[in-house]
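*Asks:* sequence and predicted structure below; questions after.
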Amino acid sequence: MAGDPADTRRMTAPGQVAPADRPPATGLRALPFYLGGFLGPFGTMVIIPMLPELRTHFGVDSATISWGFSAYLFPMAALLLVSGTIGERLGRKRVLQASLVVYVVASLLVSVAPTLELFLGARAAQGAANAFITPLLVAGLADATPEAQLGRRVGMYTSFQAVGGGLAPFVGGLAAEVDWRYAFWGTAGVALVVLFFVPPGERRVGADRPPIRPLLGRRLLALGAGSFAAAAGPIGAGVLVGFKTRDVLGMEPTTAGLLLASGNLGAALLGPVFGRALDRYGARPCGVWATVSVSLLVATLGVTDGRLVTAILYAMAGSLFGFVIVVLQKVGASIVPENRGGALSAVLSFRFVGHAVGPLVWVPVFSRSNAAAFVGSAILGLVTVAGILGAVPRAEPTTAPGPPVRPGPPPAGIRQPSGAVSEE
């Protein structure tokens, strides 16, 4: 049973037991998962501090060059609807390897694109390849982790994502000081390294056709709506902060990149803490508290000025972005245990559509009113709160810290052997 070190068998779906000799994802065995988690945010965020340089290079305005961010996210979001299920059917390792090869090639194409159209096309190819990375890695991590420890493992994974997102603005700003193309050579290098450490994941017996219908359930759709609102609103405010640091506060690219990195550094350091809190107290209170706190901090960013105040507020907000993401990913990994990859990819699809739409909505507003853009994005946090409340049952199981104990019969309403609440 999950949580008992003497018995490594785990139920991966109703009626299915994972092989007894499959080792849990701990220590170095988990490192390939975490390295892959680093890549996605790094490739996404590296462009933010260099947007003014790209704006000048291609001779366009701020709203147009913001497509350099959104072009990456739209195809990624669209493919996330099916990428998890494709990976389960064809084998996670095989699909991840192919995706990483495409990512390397696309990154190099971004760096040499002579026109905006080719630049945006190569960014779209990066995003399409990245659609297959996170859901398959988190699904594999969930399969190899006892349910009682899943929050902590997802918290660690999110920490590596935060490190990637934190280093990306610094690397992007540093490259912008010399030549913005260097940043995309860096993304190609990271993807090439990860390619040599792809974790195992063959086609699972009995999972040739993971079920699609549970992905249309009420709880998963509520979580998806909450993920979309969070990304289009408060946890997607990094793009607005990027423009504020450069255009309003007059920061140099490297300085702006360091400020943007501060929030991700906090999320990286606190990811395991967030995961343990999630395991102990549950997704409902943690998700509501984290989302409300982030929304208030983002709204405050819109009505205050000054470099120091902006740096402090964004460091606090960025740290809590990680808590919201840990909640969304952990809940997504638990709602449909018979198709974890498909469920996670669906939730991530909603989230990255939000990340893509957010700048297209708020950057034009920002050009007219700094405060209105930040406050408007913060208000969307209310939709995220409603989505979390709709996705997580009131009687969700929580795990207090302590030595592993062999669990007894599941309480009423808990039908999945691993501790997840089944979709109704």
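*Replies:* Perfect, thanks for sending it.

*Asks:* distance from the helix or strand encompassing L51 to the middle of the chain?
*Replies:* Secondary-structure assignment from DSSP states H and E places L51 in helix 51-58. Here helix 51-58 shows a centroid-to-chain-centroid distance of 27 Å under the convention C-alpha atoms, centre = their mean, to the nearest Å.

*Asks:* ok, then the element right after that helix?
*Replies:* Toward the C-terminus from helix 51-58 - assigned by DSSP H and E - lies helix 62-65.

*Asks:* coming back round to it: determine the set of other helices and strands touching the helix holding L51.
*Replies:* Here helix 51-58 touches helix 62-65, helix 67-90, helix 116-130, going by 3 or more C-beta pairs under 8 Å, 6 or more residues apart in numbering; DSSP states H and E. In short, each C-beta sits where N, CA and C put it, glycine included.

*Asks:* which of the ones you listed sits most buried?
*Replies:* helix 67-90 (a mean of 23; mean count of other C-beta atoms under 10 Å).

*Asks:* give the other helices and strands that that one contacts.
*Replies:* Counting by 3+ C-beta pairs under 8 Å, 6+ apart, helix 67-90 packs on helix 31-45, helix 51-58, helix 92-112, helix 116-130, helix 134-143, helix 340-368.

*Asks:* would you mind confirming that I325 makes contact with F160?
*Replies:* No: under the criterion of C-beta atoms under 8 Å, I325 makes no contact with F160, lying 11.9 Å away.

*Asks:* contacting residues for the residue lying closest to M316 once chain neighbours are set aside?
*Replies:* In this structure, M316 finds its nearest non-sequential neighbour in L297, 5.6 Å apart by C-beta to C-beta, 6 or more residues apart in numbering. Listed by C-beta atoms under 8 Å, 6 or more residues apart in numbering, the contact partners of L297 are 234, 313, 316-317, 320.

*Asks:* pick the one among the residues you listed closest to T254.
*Replies:* L313 (20.3 Å; C-beta to C-beta).

*Asks:* any idea how many residues pack against that closest one?
*Replies:* Other residues within reach of L313, judged by other C-beta atoms under 10 Å, total 19.

*Asks:* work out for me the element it sits within.
*Replies:* Here L313 is assigned to helix 307-335, by DSSP H and E.

*Asks:* would you reformat the helices and strands packed on helix 51-58 as a markdown table and include mean pLDDT and distance to R153?
*Replies:* What follows is those, written out as a markdown table (pLDDT from 0 to 100; distance: least, C-beta to C-beta, whole Å):
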| stretch | mean pLDDT | distance to R153 |
| --- | --- | --- |
| helix 62-65 | 84 | 37 |
| helix 67-90 | 82 | 18 |
| helix 116-130 | 93 | 21 |
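
*Asks:* right, so of those helices, which gets closest to L389?
*Replies:* L389 sits nearest to helix 67-90 of all these, at 23.6 Å, using C-beta to C-beta.

*Asks:* okay, the angle between the closest one and helix 92-112?
*Replies:* Using axes from the mean of the first three to the mean of the last three C-alpha atoms, to 10 degrees, the inter-axis angle of helix 67-90 relative to helix 92-112 is 160 degrees.

*Asks:* perfect, that will be all.
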